[in-house]
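1. missing the sequence, but the structure's below:
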């Protein structure tokens, strides 16, 4: 157990639907990062939050949004799902941010049918 | 364009062999990470480097800032080392950019 908890582990849903992925960071870590790993694109950075505020944005689609709550857990919302959104979604946390190292969760495998 | 290249893409070796995986990047970085992803999908952070060399057990990571190159070495390789090894870099903006990974298979 890395200390970063992601739920659910697996999710199967239909096109057009909306899902929410949840991440609880390691105790004491203020930064949360979301990544997408698909077969054709590899691992890509989506978005980072630091202590409740958005800090950096990567290749995140407009259909996707995220937030970090006061207890530091984070949620990634994916809406109007398409087949191409099927991927592994990872959350990682770090104590502060840059150059502090990352701890990854076990990921959520999303399948859109 | 900021790029990260890894080589080889696939590597098969016999148990006990010394393994080297390479990572090159296009412009100066603030930090480089080596990650391990097992067949089950989970990702483990192995090393974070900004200069020099780090060692943990049988794993050694080095970085040459001038040449924009890093290597991950595994000594006395074992079948349990079979995994995908991924290089990722930070360019000072906290966004990790990932290499495509090296799939390592160690045969008993």
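-> Now that the structure is in, tell me what you want to look at. The structure presented is a predicted model; accordingly, all values stated were derived computationally and were not measured.

2. Within its sheet, name the partner strands of the helix or strand bottoming out on mean pLDDT in chain B and how each one runs.
-> The weakest-scoring helix or strand in chain B, judged by mean pLDDT, DSSP states H and E, is strand B:96-98 (a mean of 90). Strand B:96-98 pairs in its sheet with strand B:83-90 (antiparallel), by DSSP bridges.

3. Next up, the contacts around the residue nearest to residue A:80 when sequence neighbours are not counted.
-> Nearest residue to residue A:80 in three dimensions, chain neighbours excluded: residue A:63, at 4.9 Å (CB to CB, 6 or more residues apart in numbering or on different chains). Just so you know, the C-beta spots here come from the backbone N, C-alpha and C atoms, and that holds for glycine as well. Contacts here follow CB atoms under 8 Å, 6 or more residues apart in numbering or on different chains; on that basis residue A:63 touches A:78-81.

4. Please repeat the previous calculation with a cut-off of 10 Å.
-> Shown in contact with residue A:63 (CB atoms under 10 Å, 6 or more residues apart in numbering or on different chains): A:18, A:77-82, A:85.

5. For the chain, give me the ranges with low pLDDT.
-> Defaulting to chain A. Low-confidence segments of chain A (pLDDT under 70): A:97-99.

6. Hmm, no, I was thinking of chain B.
-> Applying pLDDT under 70 to chain B flags residues B:1-2, B:93.

7. Near chain A, which residues of it? Just list them.
-> Residues of chain B found near chain A (CB under 10 Å from any CB of the partner chain) are B:30-31, B:33, B:35, B:37, B:40-45, B:47-48, B:50, B:86, B:88, B:90, B:92-101.

8. Quick check: PyMOL command selecting the buried ones in these.
-> Buried residues among these (16 or more other CB atoms under 10 Å in any protein chain shown), as a PyMOL selection:
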select buried, chain B and resi 31+33+35+37+42+43+45+47+48+86+88+90+94+95+96+97+98+99+100+101
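
9. so where does residue A:65 fall, helix or strand?
-> For residue A:65, the host element (DSSP states H and E) is strand A:64-68.

10. Sheet partners, orientation included, of that strand?
-> strand A:74-78 (antiparallel).

11. buried ones in whatever helix or strand comes next after the partner strand?
-> Using DSSP H and E, the helix or strand that follows strand A:74-78 in sequence is strand A:87-94. Buried residues in strand A:87-94, defined by neighbour count with 16+ other CB under 10 Å: A:87-94.
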